[in-house]
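Engineer: Kindly generate the corresponding structure for this input.
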Amino acid sequence: MKTSNIVMLSIPVLAAFVCGWSPAAQPDDQQEISDLERKAAAAITYDEAMKYWDSGDDIVLFDIMGPPREFVGHKAFHDHGDEFSRWKDVKVDFLELKVISDGKLAVARSVQHFTAKAPDGKPIEMTYRATDVWHKTHGQWKIIHSHLSVPVDMKTGEADMASKL
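Structural biologist: All right, here's what the predicted structure looks like:
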């Protein structure tokens, strides 16, 4: 086979990999992780939330609420999560959710609308972006990293807590 033919045959294969196709990809992972994302978002207590997180102490949460904004390990996550277990009427709606997986590692990115009542009864409402990194361990998907953010109005430097995009 001529070198030019090999190159021509290689281009579509290379393009498929660059565009995200992987022979190890598991289509069922997308639905499974989408379901897990919704369940994890509905968890209000530390114990409920930790069902979806890896058991290692190198888990990381970059949160929009703080300070601090970074929580590393189970103790930090637990202390931060305890704050939210006192909130009432918590509801999370997914405005957008996209999952990409290769069968071992997955990324779920979403836009979520959050409403709740703080311990003092004050209503809270915000729309934020979330990116969760999942890995498959012992046949189960677990979160190892989560990053929450909101857009910032660059003119004012203020967070846009109502932005739908």
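Engineer: nearest residue to residue 30 other than its sequence neighbours?
Structural biologist: Closest residue in space to residue 30, ignoring its immediate chain neighbours: residue 99 at 4.4 Å, by C-beta to C-beta, 6 or more residues apart in numbering. For glycine as for every other residue, the C-beta is placed from the backbone atoms N, C-alpha and C.
Engineer: in the sheet, who's paired with the residue most central in space within the chain?
Structural biologist: For the chain, residue 132 is the residue whose C-alpha lies nearest the centre (C-alpha atoms, centre = their mean; 2.3 Å). Judged by DSSP bridges, the bridge partners of residue 132 are residue 108, residue 146.
Engineer: ok, it to residue 72 distance?
Structural biologist: Noted for residue 132: a distance of 16 Å to residue 72, by C-beta to C-beta, to the nearest Å.
Engineer: ditto for residue 138
Structural biologist: Applying C-beta to C-beta to residue 138 and residue 72 gives a distance of 22 Å.
Engineer: between those two, which one's more packed in?
Structural biologist: residue 72 (14 against 6; other C-beta atoms under 10 Å).
Engineer: The residue nearest to the centre of the chain and residue 37 touch, don't they?
Structural biologist: Yes - between residue 132 and residue 37 there is a contact under C-beta atoms under 8 Å: 6.7 Å.
Engineer: Overlap in contacts, these two.
Structural biologist: Both residue 132 and residue 37 are contacted by residue 108, under the criterion C-beta atoms under 8 Å, 6 or more residues apart in numbering.
Engineer: What residues does residue 74 make contact with?
Structural biologist: Contacts of residue 74 by C-beta under 8 Å, 6+ apart are 50, 55, 57, 59.
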